[in-house]
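Engineer: Mind looking at a prediction? Sequence and model below.
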Amino acid sequence: MAPIRTLLSGLLGAALLIPVQPSAADADGRTVEYRGLRLALPGDWRVVDLQRDPDACLRLDLPTLYLGHAGSQAECSGRAVRSRADTLHLEPLDGAPARADIPTLRVEGSDGIPEAAGDSHEVRYALRRSGVMATLSYGEAPDAVRELLARAGTGDGAAPGDRGTSAQPASVVAGPKAVTAQAPFTGAGFDACTAPTQRAMDGWRSASPFGAVGIYIGGRARACAQPQLTAGWVRKQAEAGWHLMPLWVGPQPWRGSGTGLSTDPSEADQEGTEAAEGAVQAARALGLADGTVLYNDLEHYTDRTTWDPPVIAYLTAWTVRLHELGYRAGAYVSASSGGKALSDHHDQAPWAMPDVLWIASWNAKATVSDADVGLPAGTHQWAGRRRAHQYRGDHNDTYDGVTINIDRSWIDIDPGGLADPVQARPLLLS
């Protein structure tokens, strides 16, 4: 990406997007003003005004400046991305949602835009002086976007790269009250790239056949931002009777320094542990109670010789660490790759296998039979209400006048019938 150059702004400005003609020094880009922030963008960045286009998706795979509060994100599709881009979302601090899926830092004074890291490659800054919430998403490192923000005339930043001593978590109150959002469920479910609005969830609860919903709570390969995803959102869906299936989109079985899984099983093992820790942090911030099944979204691959060993190392480490932290483990995998790898290795370490298997096999059959999820006939593997089957992918459905791009699944899960996470660990004999 070309270097990001920025200009200082003098005064707080208008709330709407004000394009400014680029100067000679900014000939390869353009300058944009938003609420007194003046940013010189590289030529390959998009600018999306969410007030004018409320259906626009906050995609994380294209370099973009998003302006204003997010709307319905009705245009979102996809789930995992091979390449994450640098993006910046600016919205008024007043009315910004209390997101729990990524860290939020409050910045006051002039000590700079602080560093912050996380496996989701996203961070928010509540810029108190400017009255702006800034959400950064990045590919490999946040430096370029932090520099853009620090030099944009925020009134909150000094020189780019300075670590602000006044930065602190935006909220210092106790975490949300834990909710149980996974009652035993057999029936239809869906997942969407971004958590739907409350209006959509209410309408679909009454008019659609679905009783379960998959939500993407984090991970470095997550495709869409989640402005709706708050602890309050989770609580409301649980109270309405939705069975929630939280998904973590960690490193994937493809080559890429930003979102790729290591081909070395020992490194993949460590990545699985880190993914579990990140997922639990997000789950607790969202109020998802201990014992909740957290799913790791691991996409399809074709080279099983290369990827089966690190995939098994990654998913077993994910499972073991989740159990240590008091949560149950699920794995979303393709029937012809990750599903076969797990099945082939199941009896070598059954205690380290995911508690629930969510298979992707787009065969249009709403069942969790052995044949339809790609398991051996008559198998004991994941028997007894421990399966989900995504049988149709990436299509639009409309209920109660609300259209969402979804994947469909048939689910047969009883979390109460799963082993207690602590008891699932093996006894180690000395």
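Structural biologist: Cool, the structure landed.
Engineer: Show me how far the longest strand along the chain is from its chain's centre.
Structural biologist: Determined from DSSP state E, the single longest strand within the chain is strand 386-399. When distances are taken as C-alpha atoms, centre = their mean, to the nearest Å, strand 386-399 is centred 18 Å away from the chain's centroid.
Engineer: With stretch 403-415 instead?
Structural biologist: Mean-position distance between stretch 403-415 and its chain equals 17 Å (C-alpha atoms, centre = their mean).
Engineer: Same question for it: list its buried residues.
Structural biologist: I404, N405, I406, D407, R408, S409, W410, I411, D412, I413, P415 (16 or more other C-beta atoms under 10 Å). Yep, even glycine has a C-beta here, placed from its N, CA and C like the rest.
Engineer: can you check stretch 364-374 too?
Structural biologist: By neighbour count on 16+ other C-beta under 10 Å, the buried set for stretch 364-374 is A366, V368, D370, D372, V373, G374.
Engineer: gap between that stretch and the chain center?
Structural biologist: 27 Å.
Engineer: before we move on, what about stretch 137-152?
Structural biologist: From the chain centre to the centre of stretch 137-152 is a distance of 19 Å (C-alpha atoms, centre = their mean).
Engineer: quick thing: my sequence starts at 54, can you match it?
Structural biologist: Understood, numbering begins at 54; the last thing we discussed is stretch 190-205.
Engineer: Flag every buried residue along that stretch.
Structural biologist: Quick answer for stretch 190-205 (16+ other C-beta under 10 Å): 190-192, 195, 197-205.
Engineer: Check stretch 390-405 too.
Structural biologist: Of all the residues in stretch 390-405, those buried under the rule 16+ other C-beta under 10 Å are S390, G391, G392, K393, A394, L395, S396, H398, H399, A405.
Engineer: go on, stretch 106-118?
Structural biologist: For stretch 106-118, by 16+ other C-beta under 10 Å, it's A109, C110, L111, R112, L113, D114, L115, P116, T117, L118.
Engineer: same deal with stretch 326-346?
Structural biologist: For stretch 326-346, a neighbour-count test (16+ other C-beta under 10 Å) marks 326-342, 344-346 as buried.
Engineer: Tell me which entries of those lie within helices.
Structural biologist: Counting by DSSP state H, these place 326-338 in helices.
Engineer: Pick the one among the residues you listed closest to R88.
Structural biologist: Of all those, R88 sits closest to A338, with 27.4 Å by C-beta to C-beta.
Engineer: and the gap between that closest one and I268?
Structural biologist: According to C-beta to C-beta, to the nearest Å, A338 stands 13 Å off from I268.
Engineer: Equivalent analysis for M186, please.
Structural biologist: Here the criterion is C-beta to C-beta. By it, M186 lies 21 Å from I268.
Engineer: cool, and R112?
Structural biologist: R112 sits 17 Å away from I268, going by C-beta to C-beta.
Engineer: And the strands in the stretch 154-303 of the chain?
Structural biologist: Using DSSP state E, counting those that start in this stretch, the strands of the stretch 154-303 of the chain run over 157-160, 175-180, 185-190, 221-222, 238-244, 263-271, 296-301.
Engineer: Count the neighbours of S310 for me.
Structural biologist: Using other C-beta atoms under 10 Å, S310 has 8 neighbouring residues.
Engineer: how far away is it from A197?
Structural biologist: Noted for S310: a distance of 15 Å to A197, by C-beta to C-beta.
Engineer: Please apply the same query to W257.
Structural biologist: Computed as C-beta to C-beta, the W257 to A197 distance reads 39 Å.
Engineer: how long is stretch 340-350 end to end?
Structural biologist: End-to-end distance for stretch 340-350: 21 Å, by C-alpha to C-alpha, to the nearest Å.
Engineer: any chance of the buried residues of stretch 390-405 in JSON lines, plus pLDDT?
Structural biologist: Output for the buried residues of stretch 390-405, formatted as JSON lines (pLDDT from 0 to 100):
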{"residue": "S390", "pLDDT": "98"}
{"residue": "G391", "pLDDT": "98"}
{"residue": "G392", "pLDDT": "98"}
{"residue": "K393", "pLDDT": "98"}
{"residue": "A394", "pLDDT": "98"}
{"residue": "L395", "pLDDT": "98"}
{"residue": "S396", "pLDDT": "98"}
{"residue": "H398", "pLDDT": "97"}
{"residue": "H399", "pLDDT": "97"}
{"residue": "A405", "pLDDT": "97"}
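Engineer: now, which of those residues sits nearest E144?
Structural biologist: Within the buried residues of stretch 390-405, distances to E144 taken as C-beta to C-beta reach their minimum at G391, with 37.0 Å.
Engineer: For the closest one, which residues are in contact?
Structural biologist: Contact analysis of G391 by C-beta atoms under 8 Å, 6 or more residues apart in numbering lists P306, L351, H353, Y354, V364, L368, A384.
Engineer: again, only using 7 Å
Structural biologist: L351, V364, A384 (C-beta atoms under 7 Å, 6 or more residues apart in numbering).
Engineer: What separation do you get for it and Q443?
Structural biologist: According to C-beta to C-beta, G391 stands 13 Å off from Q443.
Engineer: bridging residues for the residue lying closest to H353 once chain neighbours are set aside?
Structural biologist: The shortest distance from H353 to any non-neighbouring residue, by C-beta to C-beta, 6 or more residues apart in numbering, is to S387 (3.7 Å). Listed beta-bridge partners, S387: A413 (assigned using DSSP bridges).
Engineer: Please look at S387 and A413 and confirm they touch.
Structural biologist: Yes. Between S387 and A413 there is a contact at 4.9 Å, judged by C-beta atoms under 7 Å.
Engineer: ok, M186 and I268, which is more surrounded?
Structural biologist: More crowded of M186 and I268, by other C-beta under 10 Å: I268, with 25 against 22.
Engineer: confidence score at the more buried one?
Structural biologist: Per-residue confidence (pLDDT) for I268: 96.
Engineer: So what pairs up with it in the strands?
Structural biologist: Taking DSSP bridges as the rule, I268 bridges to P299.
Engineer: and it, how far is that from L143?
Structural biologist: Counting by C-beta to C-beta, the gap between I268 and L143 amounts to 25 Å.
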